[in-house]
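**Q** Generate a structure from the sequence data that follows.
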Amino acid sequence: QVHLVESGGGLVQAGGSLSLSCAASGRGFRYYTMGWFRQAPGKEREFVAAIGWSDGTTLYANSVKGRFTISRGSVQNTVSLQMHSLKPEDTAVYYCVADAAPRPGPSGYDYWGQGTQVAVSS
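**A** Below you'll find the model as predicted:
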């Protein structure tokens with residue numbers, strides 16, 4: 001079983017920045033492709049970004065491309081999401097995800113965190 005713990009998030013004004021972090025622990029594969037999904041009130045959960053463990057390939061949703069940056073932490077199986085130029089529509093619960101697949105994709109993640117709230121005021 002893999003356990004994902006998120007940190008970061010909070011409330012910020014539009015145009016501001018926030019950072020999220022996630023750490024994977026527990027039994028399972030040694031390396032993980034990790035990423036983030038989000039779910040806004042009344043909307044379906046959607047892919048945000050992911051980074052592959054094999055070569056660091058990144059994948060972003062079009063809605064966040066150029067504003068968000070995903071990167072691996074200095075500790076194995078950790079990941080950060082730097083969010084800039086935040087918009088009210090970025091308001092959502094953000095979920096860390098992980099999978100043994102070597103490259104990132106927009107779906108099919110086996111492991112999910114509990115989520116952390118990001119709120120962007122206008």
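**Q** Please count neighbours and contacts with C-alpha atoms only from this point.
**A** Will do.
**Q** ok, so what distance separates the nearest residue to G10 once chain neighbours are set aside from L18?
**A** Excluding the flanking residues, the one nearest G10 by CA to CA, 6 or more residues apart in numbering is V118, at 5.0 Å. Here V118 is placed at a distance of 8 Å from L18 (CA to CA, to the nearest Å).
**Q** shared neighbours of those two, which are they?
**A** The contact sets of V118 and L18 overlap at G9, G10 (CA atoms under 8 Å, 6 or more residues apart in numbering).
**Q** show me where the protein has strands.
**A** 2-8, 10-13, 18-26, 33-39, 46-51, 58-60, 68-72, 78-83, 92-99, 111-112, 116-121 (DSSP state E).
**Q** need the ones you listed in TSV with mean pLDDT, mean neighbour count and distance to G105, can you?
**A** Conversion of the strands of the chain to TSV gives the following (pLDDT from 0 to 100; neighbours: other CA atoms under 10 Å; distance: least, CA to CA, whole Å):
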stretch	mean pLDDT	mean neighbour count	distance to G105
strand 2-8	93	18	18
strand 10-13	97	15	27
strand 18-26	93	19	18
strand 33-39	97	26	9
strand 46-51	98	24	7
strand 58-60	98	20	7
strand 68-72	96	21	14
strand 78-83	96	21	16
strand 92-99	96	26	10
strand 111-112	94	19	14
strand 116-121	98	20	21
